[in-house]
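J.: What would the 3D arrangement of this be:
(one chain, ligands or ions: 1)
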Amino acid sequence: MEQSSPQLAELAQTLGQQWFGLLPGFHRFLLDHGQVVLTLCVGNTMGLLQAQQFQADAVELSAPFTPTAEMPWLLKALARCCRRGTALRLHGLQPANHPALRGTLVQFGFRAAPNDSASGHAAPDWVHGQFDPPWALKNTRQGFATSALPIERCAVIGAGLAGASVAAALARRGWQVRVLDQAGAPATGASGLPVGLVVPHVSSDDCVLSRLSRAGVRMMLQNARDLLTLGKDWAPSGVLERQVGGTPKPPAVWPQAGTQWTDKFSVPKAHQQLGAGLWHHQGAWIKPASLVNAWLDQPGITFQPHAKVANVRRNGADWELLDALGNVLCVAERVVFANASGAFDLLYKLQHSSKYLQWVDAHLPTTHGMRGMLSWQMHPSPIDASFPAFPVNGAGSMVPGVPIADGLAWFMGSSYQPDSQAERSDLDNQAINFEHLQKLLPHLAQHLAAEFSANTLHHWKNTRCVTKDRLPAVGPLDVSEQPSLWLCAGMGSRGLSFSVLCAELLAARMGAEPWPLEAKLARSLYALRA
Ligand SMILES: Cc1cc2nc3c(=O)[nH]c(=O)nc-3n(C[C@H](O)[C@H](O)[C@H](O)COP(=O)(O)OP(=O)(O)OC[C@H]3O[C@@H](n4cnc5c(N)ncnc54)[C@H](O)[C@@H]3O)c2cc1C
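T.: Numbers count the residues shown, from 1 in each chain. Purely as a prediction, here's the structure:
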């Protein structure tokens, strides 16, 4: 590349950094700080076209696209992704020389541009054709009714990972976004987590969760690389996933380049006694609050603290967001509920007063709160050699070396407890975290036993918003051609893996852009899926 097109070398290098784990499916690359978006689709062309959900501005076909028996079906699938006026460009293909190709293009609604008599071209100009069928187009032909929304004002309720990533995705597209939170600062809910791991889920059958988390981790790492300070706010340290209990089974697919299945994993020798595991080369730790603040700091976004939304009310083409006293906090054409469990509570309450939300009760996935607590402590100097050099997860997770204001700290988490139960004491949660540590890293547990039993550790706790199927809920809430109420919530235990993916999906749906996921996978995240 450097020799043949030196001007592209830098671009190729940028792309090269993200060129890993290109398994069959969609892969979204956010380049140039998200200003350039590339969706790479790997697999069978026909299947991939059928998995698209967008209205193209232009379609380019180039040789080696040659007319074959499959061609009519391909062009039909392609036409499904076009709107009236979509430009058609053919490179290295002359329909004039391929009557079958020309006939099929016409059959599915494409037509050649009128020839330019001034330039002396007699034949219709297929090189600059367009999609313009002589029949009326149905709005529902793509199986979803959303057309591109005008780029206006959007209010986002909730300034955690979900709300801030939605705000950033919309602001990048030109929206004026106001993010409201009941607290005085961003990231005071579950996203106040001091440090979290971003690691793809793997399964022997490559289930929906595995595929979604893989897509989400890729996009989260791109954001972390762009917005955070390496070594301070995040580090692509690699993560060892230990198989604790049971017989370890290799996953169906390798989630990322560098993910290895090993009996004696290829990590530093000193830690090989830990046994079998998966080494996630691209795994990372991230401080969520740093990311939330970096997202909210983007042009086009205003953060509004101390703004607890108690009601939303239609006023002409706008929505008014009201506090408990009925004061208007904010006015916008579109609203995104990204306030975790608070979103579902608010929506259930509002369905009785708003005709726009009548669907909610029957179709929103059910959710519950899942409490969790992390145990943490500063490292003495020098650091005890029993700590691994990288995060380890499997039965809870140990993140061993995170820089905080006073030095380096380790974090061990996390406990789980449904919020329908009487809240466990902090001491009991510390004991649960210790039990996890004993399974995960028995040698280290011996070294930390005294600290755990002396009850001298710090802790951090909050509640996750978990849906019944453990997948987030994203998309429009009012069933109309131009929906104005949207949801992005239910990140569960994987806000770092899901938030960017969900924000990109929501922004793509608002703009009728290509989606970051195959339609079928995206459907598993629909807000009104129950
Ligand atoms: C102990 C623990 C460990 C975890 N570890 C990890 C991990 O390692 N990796 C990982 O990916 N994830 C982890 N998670 C999960 C992760 O923290 C969450 O998935 C994520 O933070 C959820 O983000 P959110 O924006 O949906 O919710 P939140 O961060 O809870 O944000 C919701 C916001 O909405 C605001 N709000 C609520 N109601 C209203 C209202 N009516 N008006 C205005 N504002 C309102 C709240 O103040 C809050 O700021 C962990 C969670 C816990 C508790």
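
J.: Next secondary structure after the helix or strand hosting Met219?
T.: Taking DSSP states H and E as the criterion, Met219 maps to helix 208-227. Downstream of helix 208-227, the first helix or strand assigned by DSSP H and E is strand 234-235.

J.: Walk me through which strands the following helix or strand past that following strand pairs with, and which way each runs.
T.: Using DSSP H and E, the helix or strand that follows strand 234-235 towards the C-terminus is strand 239-242. Sheet partners assigned to strand 239-242 using DSSP bridges are listed as strand 277-280 (antiparallel), strand 392-393 (parallel).

J.: circling back to that earlier point, now the helix holding Met219: buried residues?
T.: By neighbour count on 16 or more other Cβ atoms under 10 Å, the buried set for helix 208-227 is 208-224, 227. Every C-beta, even on glycine, is put in place using the N, C-alpha and C of the backbone.

J.: Do it and the ligand come into contact?
T.: No. With Cβ under 6 Å from any ligand atom as the criterion, the ligand is not reached by helix 208-227; the gap is at least 8.4 Å.

J.: Do you know the pLDDT at the nearest residue to Val392 once chain neighbours are set aside?
T.: Nearest non-adjacent residue to Val392, counting by Cβ to Cβ, 6 or more residues apart in numbering: Leu240, 4.7 Å away. pLDDT recorded at Leu240 is 91.

J.: Leu240 and Leu278 touch, don't they?
T.: Yes. Contact criterion Cβ atoms under 8 Å: Leu240 and Leu278 qualify, at 7.4 Å.

J.: got the domain boundaries for this structure?
T.: 54-142, 153-187+298-366+472-523, 190-289+368-467 (automatic domain parsing).

J.: Of all those domains, which one comes closest to Val36?
T.: domain 153-187+298-366+472-523 (10.7 Å; Cβ to Cβ).

J.: Quote the end-to-end distance of the closest one.
T.: Domain 153-187+298-366+472-523 has its terminal residues 26 Å apart, counting by Cα to Cα, to the nearest Å.

J.: is the ligand contacted by it?
T.: Yes. Domain 153-187+298-366+472-523 reaches the ligand (Cβ under 6 Å from any ligand atom) through 157-163, 180-183, 307-309, 338-340, 342, 346, 489, 491-497.

J.: Filter those residues down to just the ones in strands.
T.: Counted as lying in strands by DSSP state E, out of these, are Ile157, Leu180, Ala489.

J.: Please produce TSV containing the residues you listed, extended by pLDDT and neighbour count.
T.: Listed next are these as TSV, based on pLDDT from 0 to 100; neighbours: other Cβ atoms under 10 Å:
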residue	pLDDT	neighbour count
Ile157	98	29
Leu180	98	26
Ala489	98	29
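
J.: Only the buried subset of the residues of domain 153-187+298-366+472-523 next to the ligand, as a PyMOL command please.
T.: A single PyMOL command selects the buried members of those (16+ other Cβ under 10 Å):
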select buried, resi 157+158+159+160+161+162+163+180+181+182+183+307+309+338+339+340+342+346+489+491+492+493+494+495+496+497
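
J.: Let's see which of the residues of domain 153-187+298-366+472-523 next to the ligand end up in helices.
T.: Of these, the ones assigned to helices by DSSP state H are Leu161, Ala162, Gly163, Ala340, Gly342, Leu346, Gly495, Leu496, Ser497.

J.: which among the ones in strands among the residues of domain 153-187+298-366+472-523 next to the ligand gets closest to Glu504?
T.: Checking those against Glu504 with Cβ to Cβ, the nearest one is Ala489 at 15.8 Å.

J.: ok, now which ones touch the residue nearest to that closest one when sequence neighbours are not counted?
T.: If the residues on either side of it in the chain are set aside, Ala489 comes closest to Ala343, at 4.3 Å by Cβ to Cβ, 6+ apart. Neighbouring residues of Ala343 by Cβ atoms under 8 Å, 6 or more residues apart in numbering: Ile157, Gly158, Phe337, Cys465, Leu487, Ala489.

J.: try 10 Å
T.: Counting by Cβ atoms under 10 Å, 6 or more residues apart in numbering, Ala343 touches 157-158, 162-163, 309, 336-337, 364, 367, 465, 473, 477, 487-490, 527.

J.: of all of the stretch 401-530 of the chain, which residue lies closest to the ligand?
T.: At 2.5 Å from the ligand, Gly495 is the closest residue in the stretch 401-530 of the chain, using Cβ to the nearest ligand atom.

J.: Which pLDDT value goes with that residue?
T.: 98.

J.: Go ahead and confirm it touches Pro288.
T.: Yes. Using Cβ atoms under 10 Å, Gly495 is in contact with Pro288, at 6.8 Å.

J.: Could you pull up the residues touching Asn223?
T.: Taking Cβ under 10 Å, 6+ apart, we find Asn223 in contact with 30, 33-34, 165, 168-169, 234, 286, 291, 294-295, 499-500, 503.

J.: and Gly372, what helix or strand is that in?
T.: strand 367-378.

J.: Relative to the whole chain's centre, how far out is that strand?
T.: The chain centroid and the centroid of strand 367-378 are separated by 22 Å under Cα atoms, centre = their mean, to the nearest Å.

J.: just to revisit the earlier point, contacting residues for the residue of the stretch 401-530 of the chain closest to the ligand?
T.: Going by Cβ under 10 Å, 6+ apart, the list of residues near Gly495 reads 160-162, 165, 189-191, 193, 196, 198, 216, 220, 288, 340, 464-465, 472, 502.

J.: And it, how far from Ser213?
T.: To Ser213, Gly495 is 12 Å away according to Cβ to Cβ, to the nearest Å.

J.: ditto for Ala395
T.: According to Cβ to Cβ, Ala395 and Ser213 sit 19 Å apart.

J.: thinking again about what came up before, how about the contacts of Asn223, which pair is most distant?
T.: Farthest-apart pair in those is Ala169 and Trp234; separation 19.2 Å (Cβ to Cβ).

J.: Any stretches of this protein with poor pLDDT?
T.: Across the chain, the ranges flagged by pLDDT under 70 are 1-3, 63-67, 93-97, 115-126, 139-146, 245-276.

J.: Repeat the analysis, applying 50 as the threshold.
T.: Applying pLDDT under 50 to the chain flags residues 141-143, 145, 252-258, 260-268, 270.

J.: My guess is Gly210 contacts Gly25. True?
T.: Actually, residue 210 is Ser. It isn't Gly. No. Between Ser210 and Gly25 there is no contact under Cβ under 10 Å: 11.1 Å.

J.: right, is stretch 417-436 up against the ligand?
T.: No. Applying Cβ under 6 Å from any ligand atom, one finds stretch 417-436 out of contact with the ligand, separated by at least 9.4 Å.

J.: if we can go back for a sec, kindly write the PyMOL command that selects the buried subset of the contacts of Asn223.
T.: Those of the contacts of Asn223 that count as buried under 16+ other Cβ under 10 Å are selected in PyMOL with:
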select buried, resi 30+34+165+168+169+234+286+291+294+295+499+500+503
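
J.: ok, so of the contacts of Asn223, who is nearest the ligand?
T.: Nearest to the ligand among the contacts of Asn223, with distances taken as Cβ to the nearest ligand atom, is Ser499, at 6.5 Å.
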